[in-house]
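Enquirer: Sequence and predicted model, in that order:
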Amino acid sequence: MFSFCIEPATLPQWQWFACYLTTATHLQFYRSFGVVLVLLAITAPVALGMGMLGALALRARLWPVRLVGQGYVNLVRGVPDIVFFLFVPIALGQGIEWVLHHINCPDWEQPIRQGNDFIVCREAKVPPNNAARWVFELYAFIMAVVAFALVFGAFVANTLYGAMQAVPRAQVETAEAYGMTRGQAFRRVVMPQMWVYALPGLSNIWQILIKATPLLFLLGIQDAVYWARELGGQKTSLYAYPHPDWRMWYFLALLCFYLLLTWGSERVFARLNDRLSHGQATAAGERLRKAAA
Amino acid sequence: MRTCWESFEGYALRALGRDFGERLLPRGLDITLCDQVFLIGSGLIWTIYFAALAIIFGFFLATAVALARASHTPWLNRPAGAFIFVFRGSPLFIQFFFFYSAFVLLPRAGIDIPLGFVTLTVQTSALTTAQVGGLIVLVLNTTAYSAELFVGALRSIPKGDLEAADAYGLTGFTRFRRVIWPNMLRLAWPSYTNEAIFLTHSTTLVFLSAFPARQQSGEAFYYARYFVDQTFNPFFAYPLVAAYFIALTLAIIGLFGIANRRLNQHLPREQRLRIRFRPQYLR
């Protein structure tokens, strides 16, 4: 990185650290924090969408749809989600390959499960065997997003459902009295107002989602935890930058990163709550009204 | 192939160590369904060990931290707040890694603390095991979460009860033991039940993080993951471990429900707080 980094062993302390902290592997370590943020940025809207669908299913008038919604929410919420994080990527991957196998290779004779192996024909491999390394990494990442979205979608569905129910009933009745259809009343009255009721729950889920991201490590993705373990481990003099076991400091840095993230988002949600509470028939809205008057 | 009875004998207590049953875990094609049922079941020994001890220690520590947090003395209030913030704001998974790598750095022989006339040697080698070190992390974590619940409960103790305590001339520890503490527990109990459930579920993280499973003795999810790695078939071991955890959850709800009834027994029926299962697993 810096021009003086050619012979690290001879450098004075601060220059040694400047060089050490900007090695190629360290840059990958910093990038992995970006991966966490990207995962959050993708998963949150997807989970919100899943949750919205789930909540609508819970409210549906057709009982089979309602049953699907209830099944989804209760199943995911009733089972430890670490089980889900590890189960979904494998099960989904095998499911996709199984379907592709039956489409692409209908005349394949052997069973797919042979003892402890899961064998599908070459055309059904996802991603293909000869794919580049980044394709495999992307695939693993997408699987992680799906697993996160499935689990958190169920949490969100429950929260949004509660929020929809919490919108004062009288307002919906007023909308109906004006001749709005059920759909119109939902779009014009319930949807804009439900968020203030949903916000405490959503903020809670967001905090949980942040704290779930280190589990990416378990899915074999080279995230911050992976690099902290790699970089922090003891390095002998064979390496350019020998140092004793520094894992504790790396994990301390990770701890601070997550504390900052949860602390920051707590403040953002507090702001958002204030803004959404304007003109609402809630205690917070009443306080804002009095403060302004 | 083993019969079901043989796998029961071989693996029902295997989680305690390799002297309790078969030395090696079943491998590859040799794995039967009964092996999975009993070995994962034997892992529940450690699940219950972690959960029960962490809840018991965490309960008393959390009461102390909550009282410190609710006090008006800054040098009690601030550290308690910082403790709660750190342990609730960061992922338990990272906490395990951090504490493990910190424990590893401690000198193996133990730390000598000279007290003038005698030298006290603190044993540190046990801290790197999951059974001690991991338990400490779980205790600290559940302390922070429970303390937050208890603080909220302390703030919402009915004013009338406190006034009644004053009217009877109760002060100091008697006032705390007779009025404040039972009320705090009563108000916090439904959410504390959920906390106990989350804690039980997060014991799965102990062996998934840094702490090693010596002699391949781990908790239930450690074995489930082992079987999935061996058989590449997630459709039996994971649902099985999920079923075990649901059973544990129901047991916790039952046990805490008994305590809840006792805490609420002086109240008219409609004012009693009910336990509602609100699962949000990760922390």
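Expert: Yes, it's here. Remember, it's a predicted structure, so these values are computed and weren't measured experimentally.
Enquirer: dump the residue contacts of A:Cys121.
Expert: A:His101, A:Asn104, A:Cys105, A:Trp108 (CB atoms under 8 Å, 6 or more residues apart in numbering or on different chains). Yep, even glycine has a C-beta here, placed from its N, CA and C like the rest.
Enquirer: Quick check, pLDDT for the third one.
Expert: Meaning A:Cys105. Confidence at A:Cys105, expressed as pLDDT, is 80.
Enquirer: tell me, how many neighbours does it end up with?
Expert: Burial measure for A:Cys105: 14 neighbouring residues, criterion other CB atoms under 10 Å in any protein chain shown.
Enquirer: Identify the residue spatially nearest to it, adjacent ones excluded.
Expert: Excluding the flanking residues, the one nearest A:Cys105 by CB to CB, 6 or more residues apart in numbering or on different chains is A:Cys121, at 3.9 Å.
Enquirer: Any part of the helix or strand harbouring B:Val151 near chain A?
Expert: Per DSSP states H and E, B:Val151 falls inside helix B:135-155. No: Helix B:135-155 is not in contact with chain A by CB under 8 Å from any CB of the partner chain; minimum separation 11.2 Å.
Enquirer: Quick check: buried residues in that helix?
Expert: Using 16 or more other CB atoms under 10 Å in any protein chain shown as the test for burial, helix B:135-155 gives B:135, B:137-151, B:153-154.
Enquirer: roughly how far out does it sit from the chain middle?
Expert: 11 Å (CA atoms, centre = their mean, to the nearest Å).
Enquirer: now for that helix, which elements pack on it?
Expert: Here helix B:135-155 is seen to pack against helix B:33-70, helix B:74-89, helix B:92-105, helix B:181-202 when contacts are counted using 3 or more CB pairs under 8 Å, 6 or more residues apart in numbering or on different chains; DSSP states H and E.
Enquirer: could you dump those to a markdown table with distance to A:Trp14, mean neighbour count and mean pLDDT?
Expert: Formatted as a markdown table, the helices and strands packed on helix B:135-155 follow (distance: least, CB to CB, whole Å; neighbours: other CB atoms under 10 Å in any protein chain shown; pLDDT from 0 to 100):
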| stretch | distance to A:Trp14 | mean neighbour count | mean pLDDT |
| --- | --- | --- | --- |
| helix B:33-70 | 40 | 20 | 93 |
| helix B:74-89 | 29 | 16 | 93 |
| helix B:92-105 | 24 | 22 | 91 |
| helix B:181-202 | 41 | 21 | 89 |
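Enquirer: Make JSON lines out of the ones you listed and add distance to chain A.
Expert: Formatted as JSON lines, those follow (distance: least, CB to the nearest CB, whole Å):
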{"stretch": "helix B:33-70", "distance to chain A": "11"}
{"stretch": "helix B:74-89", "distance to chain A": "4"}
{"stretch": "helix B:92-105", "distance to chain A": "4"}
{"stretch": "helix B:181-202", "distance to chain A": "4"}
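Enquirer: out of the ones you listed, which comes closest to A:Gln70?
Expert: Among the helices and strands packed on helix B:135-155, the nearest to A:Gln70 by CB to CB is helix B:181-202 (20.4 Å).
Enquirer: Check which helices and strands that closest one is in contact with.
Expert: Counting by 3+ CB pairs under 8 Å, 6+ apart, helix B:181-202 packs on helix B:33-70, helix B:135-155, helix B:234-263.
Enquirer: To A:Met164, which of those lies closest?
Expert: That would be, of the helices and strands packed on helix B:181-202 and by CB to CB, helix B:135-155, which comes in at 26.4 Å.
Enquirer: Per-residue pLDDT of the residue nearest to A:Arg122 when sequence neighbours are not counted, please?
Expert: Spatial nearest neighbour of A:Arg122, excluding adjacent residues (CB to CB, 6+ apart): A:Asn129 at 6.8 Å. Listed pLDDT for A:Asn129 reads 78.
Enquirer: tell me the residue furthest from the middle of chain B?
Expert: B:Ala167 (39.2 Å; CA atoms, centre = their mean).
Enquirer: Can you name the residues that contact that residue?
Expert: Contacts for B:Ala167 (CB under 8 Å, 6+ apart) come out as none.
Enquirer: measure it to B:Gly160 for me?
Expert: Applying CB to CB, to the nearest Å, the value for B:Ala167 to B:Gly160 is 10 Å.
Enquirer: what's B:Phe221 sitting at in phi/psi?
Expert: Main-chain torsions, B:Phe221, degrees, to the nearest 10: phi -70, psi -30.
Enquirer: residues contacting it?
Expert: B:Phe221 neighbours (CB under 8 Å, 6+ apart): A:Pro80, A:Ile82, A:Val83, B:Gly43, B:Thr47, B:Thr204, B:Phe207, B:Leu208, B:Val241.
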